[in-house]
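Colleague: Sharing a model that was predicted from the sequence below.
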Amino acid sequence: MFTFTHKTKGRRMSLLRRTIHLAGICMLIVLGVACGPAPDPCESVTCQANQICENGTCVMNCQGGETACGTECVNTDESNDNCGSCGNKCRTGELCQEGTCTLDCKDGKVACGPLCVDTSSSYENCGACGTSCAAGQVCASGKCELSCPKEQTNCDGSCLDTSSNREHCGACDKACTDGEICKAGACVLSCQKDLVDCAGTCTNTKTDPKHCGACGTTCASGEACVDGACKVTCQTGLQDCSGKCVDTQANNQHCGACGTVCSDGEVCSKGACQLTCHTGLTECSAACVNTNVDPAHCGGCGQACAEGETCVSGTCNIICAADQTKCGGRCVDTKIDPAHCGACQNACKQGETCSAGKCSVICPGSQTLCGDACVDVNTDNANCGSCGTACSNGRVCQAGACTCATNQSVCNGACVNLNADNNNCGSCGTQCGSSQICRNAICFSVACVPPNTSCGGSCVNLFTDNNHCGGCNQVCKSGESCCGGGCKALVSDSLNCGGCGNVCTGGKTCKSSACQCPTGTQDCNGTCTTLDDPKHCGGCGNVCGTNEVCLNQKCQAVCQNGETNCNGSCKNLQFDKDNCGACGKKCNAGCSNGTCVPTPQVYIQEIHIDAVGFVVIKNSGGTDVNLNGYVLFFDDASATDVTYTFGSQTIKAGESLYLYENTACPSGSSNCLNLGMSTPFAPARGGGTYLCTAACSSTTVADYHAFSGTTVAPAAVHGASFAPNPSTGITATNQSTDSFLRQAVTGYYPNFNQSDWKVGTKTIPCAPGQTTCSGKCVDLQSDNSHCGSCGNVCGTGTNCSKGQCASGPQVYIQEVHIGSPDFIALKNAGGTSVNLNGYVVFFDDSSSTDVTFTIGNHSIAAGQTLYLSESSTCPAGSTNCVNIGSNVLYDASRGGATYLCSAACSSSTVVDYHAWEATAAPPTALYGVSFLPTASTGITSANQNTNSFLRVQATGTYPTFNQSDWSVGAKTTP
């Protein structure tokens, strides 16, 4: 046996080839030819490293599923030049995957048809290829969502302003009830003009007897509310005598006229005191009465009518004023009452008001009622110029006429953009070819390179071609245009409104190929805004001032502490004589509890001090007055007081009575009365002269005149007369120490110089809410020297609040100034000096590192101020300054709050704080201004509605404030 081995150049010969070769040799042996080695055809062939020799030829030696393409072994599943087969080359932008040329998408994009798209934001491929968002939506994080502008919220697929939307007030689905509007995200009562919110009910305080002049002011039985004042309404045949309706024909105390009293044993019959009653009258309790009209004896003696009823024809009934109607036991004005509009029980619908007895919808401002909605016919596409006139074919309503939007033209009745419309390029009807595109009103040829694609032999742009939109032969419907590879309705698509890529912003939606604001809003600087916005109240740019809100498209003052907005000013309807009970209702004598104080019919008109002294009493009323029972009181600080009591002395209406010390009447006078005394008029006397309706006291004084607080009248008074105005009086004549004051029986004294009123132990008249303590009028609710009662002094560190001495911070933040220089002023409101050692000022910021400053050993004297400045420069006029050595504390770009703490800052040790904004930067209007709150109340807004200032007592509680303005990270909200 033997072996035969042959090596070739390039690689070992295969077993088959060796077998064939040996067989040839053995065949030669069989034929008688000697066996020997045959020539090798690959012996002299040298192949490359990736080749082998076969029969003298080098061939590719491809391994692992590769394919020989030319001189290379390639993987046709991945090769861009030999994709699927040799020579099949992928185009630029494509990648060979599994033997097929596909798009090479990068940056997280996905191949959708012939396009690489970002499925997290693609409008046509949102979340996955082929998932298209509806009109008015955008793709956000792979989900289709409504595109809402800033300051609006997506509520069930609609963009809404929850700060003013009644159905979604403050949050989605939080609806206001009937009669309420949404203001600043809260439901509040909406009362029409001339109505006032009284405990949740819109009330006419001019006519409502339960809220007459002001909420809660109830008229007494038998009174009606007329122009905001309770007045006695007497039926025919009765007369108002001192606030009561009486029959002067039969009343023993007012027989024939008010105040005429019949003697014992007499009865009043037909206005005269008689011994018996006239025919038709009945004697009841020693009085002759008409049982047909007398409410105390209605139909018979002792049969009294109930409160609020009058006697008519012997029967008790409710009698309403001439301009009112009886509805269900109440007197109402059917001309304005929404519950009884035009007739009893005829209630107006929600959103309607009662005017002239008819229910109607009142549209604000220049809006017009179309159907059941108020619209602006100047801009409303559905009601352009007039109700029912709708704009179509891409037209929009401008100035009440349907026109095309800017840069659009009319072609075949439709609005088109001649600069970009392939069917109307440059002019109506000019169409661009399939391989052309309209740009700047010219048809341009488009080379078939990416992003263009060959479709049916034509080079098209899949992003813009209406016949090949997003893919070959994907034709857009009539009225659609290809935008970004998707068919869009330019008439209504808010992301492609009137043209591709024209996105509606600021709350606008696409209507008729134009971005428009929703009905009921107005375009203000590119943002749709309701005209109830305080920054655009009633019109764009009309900003409401500090302490104002926008109601019914008008800036109105926000009044507090029981005050009412009267023409932009806050007035106390309880005591303002120019706005008594209702705005604009003026009183002559004064206002008390919302009702005009009646001017006394009789008053001191003149006092004359001379050789002949006299006093003039004036009757300013419309009826005669009998002075029987009236008292003249001559008050003197150094001599015995003198009085004179009148007998049956009558002063006719509009006339005067002269009171003298002798029998001589002054020139021109006709009605005189000799007092028979000279002492009251002696020039050496001083003090005052009262006119009383009974014994003189602080509650029964009808009128008085004080001419001096000294024992001797001023020289200029001697020989002079005083003739004050009966409605206002005078405060000084000839001498600054002279004063004149008038007093209504049911009213109160106006303010005057108390030092001029020195009458010993006599009570000094004070205004309502004040009390005389040690000769001064004080408020017992807030006076630290008379807290709750006269002489009750609050101790150190306490203040009088609501009549009680309460402990509060002696030191508080008086002022925060952001400007040049920046500083904080700390006030010591107490009566003793305070050392601030251990006190900390804490500057809180929601966007940067918080900063603290420990004050150290610095004292503030009682009532003084300490300034903490960021530089050595002290504010003008300041003397006590501390340089904190930092300029970051008051930087204008910072926002948040400033605390004053008595120890380490926490919610229990904060003495005072000031918060100016919840954002990272304070408002522009804040920079360079100061806040000067009062020590007891602080301020709630300054320059910006979102600014807030609050004070806290260490042992007290915080007042109510808007917590949405207080956002300071993890800090405890007070």
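Modeller: Perfect, thanks for sending it.
Colleague: helix or strand right after the helix or strand containing residue 515?
Modeller: Using DSSP states H and E, residue 515 falls within strand 514-516. Moving toward the C-terminus from strand 514-516, the next helix or strand (DSSP H and E) is strand 522-524.
Colleague: Would you list the strands that that following strand pairs with, along with their directions?
Modeller: Next to strand 522-524 in the sheet, as set by DSSP bridges, lie strand 527-529 (antiparallel).
Colleague: Return the set of buried residues in the partner strand.
Modeller: Within strand 527-529, the residues that count as buried by 16 or more other Cβ atoms under 10 Å are 527, 528, 529. Where C-beta positions appear, they are placed from N, C-alpha and C, glycine not excepted.
Colleague: Check stretch 337-347 too.
Modeller: For stretch 337-347, burial by neighbour count (16+ other Cβ under 10 Å) applies to 337, 338, 340, 341, 344, 346.
Colleague: try stretch 647-658
Modeller: 651, 656, 657, 658.
Colleague: Correct me if wrong, but the third one is in a helix.
Modeller: No. For residue 657, which was evaluated using DSSP: H, G, I helix; E, B strand; the rest coil, the result is strand, with no helix membership.
Colleague: Report the beta-bridge partner residues of it.
Modeller: residue 617.
Colleague: so, if you compare the buried residues of stretch 337-347, which one comes nearest to residue 503?
Modeller: Residue 503 lies nearest to residue 338 out of the buried residues of stretch 337-347, by Cβ to Cβ, at 45.2 Å.
Colleague: where's the closest one relative to residue 203, distance?
Modeller: 11 Å (Cβ to Cβ, to the nearest Å).
Colleague: Tell me the spatial nearest neighbour of residue 839, not counting adjacent residues.
Modeller: Excluding the flanking residues, the one nearest residue 839 by Cβ to Cβ, 6 or more residues apart in numbering is residue 855, at 4.8 Å.
Colleague: Quick check: pLDDT value at that neighbour.
Modeller: Here, the pLDDT recorded for residue 855 equals 82.
Colleague: was I right about it contacting residue 842?
Modeller: No. Counting by Cβ atoms under 8 Å, residue 855 stays clear of residue 842, with 11.5 Å between them.
Colleague: what about residue 424, neighbour count?
Modeller: 22 (other Cβ atoms under 10 Å).
Colleague: whoops, I mixed them up, residue 161
Modeller: Residue 161: 22 neighbours (other Cβ under 10 Å).
Colleague: Contacts only, for it.
Modeller: Taking Cβ atoms under 8 Å, 6 or more residues apart in numbering as the contact definition, residue 161 lies against 151, 152, 153, 507, 530.
Colleague: Please spell out the ChimeraX selection for the buried subset of those.
Modeller: One line in ChimeraX is enough to select the buried members of these, burial here meaning 16+ other Cβ under 10 Å:
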select :152,153,507,530
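Colleague: which one of the contacts of residue 161 sits closest to residue 356?
Modeller: Among the contacts of residue 161, and counting by Cβ to Cβ, the member closest to residue 356 is residue 530, at 29.2 Å.
Colleague: Verify the contact between that closest one and residue 520 for me.
Modeller: Yes. Using Cβ under 8 Å, residue 530 is in contact with residue 520, at 6.5 Å.
Colleague: which regions of the stretch 101-250 of the chain sit below the pLDDT cut-off?
Modeller: Across the stretch 101-250 of the chain, the ranges flagged by pLDDT under 70 are 114, 123, 134-138, 146-151, 157-159, 178-181, 189-194, 200-202, 221-222, 235-236.
Colleague: just the stretch 851-974 of the chain next, same as before
Modeller: For the stretch 851-974 of the chain, the stretches flagged by pLDDT under 70 are 871-878, 885-897, 902-974.
Colleague: quick one on the thing from earlier: rounded mean pLDDT for the strand holding residue 515, please.
Modeller: For strand 514-516, the per-residue pLDDT averages 88.
Colleague: and for that strand, what are the contacting residues?
Modeller: So strand 514-516 is contacted by 379, 381, 394, 396, 405, 494, 497-498, 502, 504-505, 508-510 (Cβ under 8 Å, 6+ apart).
Colleague: Show me the domain layout of the chain.
Modeller: Listed by automatic domain parsing, the domain ranges of the chain are 15-60, 67-103, 110-146, 234-318, 598-768, 809-965.
Colleague: count of residues packed around residue 55?
Modeller: 9.
Colleague: looking at it, it is touching residue 40, isn't it?
Modeller: No. Contact criterion Cβ under 8 Å: residue 55 and residue 40 do not qualify, at 10.3 Å.
Colleague: Can you pull the residues that touch both of the two?
Modeller: Residues touching both residue 55 and residue 40 by Cβ under 8 Å, 6+ apart: none at all.
Colleague: Dump the buried residues of stretch 647-658 into TSV; add pLDDT and distance to residue 161 as well.
Modeller: Below are the buried residues of stretch 647-658 laid out as TSV (pLDDT from 0 to 100; distance: Cβ to Cβ, whole Å):
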residue	pLDDT	distance to residue 161
651	88	68
656	83	68
657	85	71
658	80	74
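Colleague: Thank you kindly, that will do.
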